[in-house]
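[1] Sequence unavailable; structure follows:
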């Protein structure tokens, strides 16, 4: 089955996406006022964006510092052989502490963000990854985060426009 093509977005769709990135709990009424449409038309657009996969879901942004003082670590991960990448990715996806991971180009294979209770827990986690010969992890270079300067708060509106045909 061919992949479903994303819908063509107009300026109102882009405004809806930008507004929902800022406030995913916005009511349809408030969203409709923001984009200057009727609530019914706005709801239909939101549902179309959801069903097409452009809007992948909604989530609460938890301010973890109010609950605990975990350690955030950005790790550069290098594999011995790329033949192990599937096994490694599967293992990483199963780790709750791996909150984000990207395959990257350059001298490292992956950049992952781990959030652990403390440095000892992080050390235990990375030792387990390195010690598992089936994963083929050669090296992990860790960067402990000191403080956030800017956190992800949504994509720039200019990128929401998409490619014009």
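    On my side now, so go ahead. Keep in mind that what you see is a predicted model, and the values were worked out from it rather than measured. Numbering: from 1, shown residues only.
[2] Can you give me the distance of the spatially most distant residue from the centre of the chain to residue 109?
    Ranked by distance from the centre of the chain (Cα atoms, centre = their mean), the top residue is residue 38, with 31.6 Å. Separation of residue 38 from residue 109 (Cβ to Cβ, to the nearest Å) stands at 50 Å. Quick note: C-beta positions are derived from backbone N, CA and C, even for glycine.
[3] go on, residue 127?
    19 Å.
[4] between these two, who's got more neighbours?
    Higher neighbour count among residue 127 and residue 109: residue 109, with 21 against 11, using other Cβ atoms under 10 Å.
[5] Check that one and give its pLDDT.
    Residue 109 is assigned 96 on the pLDDT scale.
[6] How about the contacts made by it?
    Counting by Cβ atoms under 8 Å, 6 or more residues apart in numbering, residue 109 makes contact with 77-79, 82, 85, 103.
[7] those helices in the protein, which residues are they?
    11-22, 28-35, 39-51, 85-93, 119-131, 157-160 (DSSP state H).
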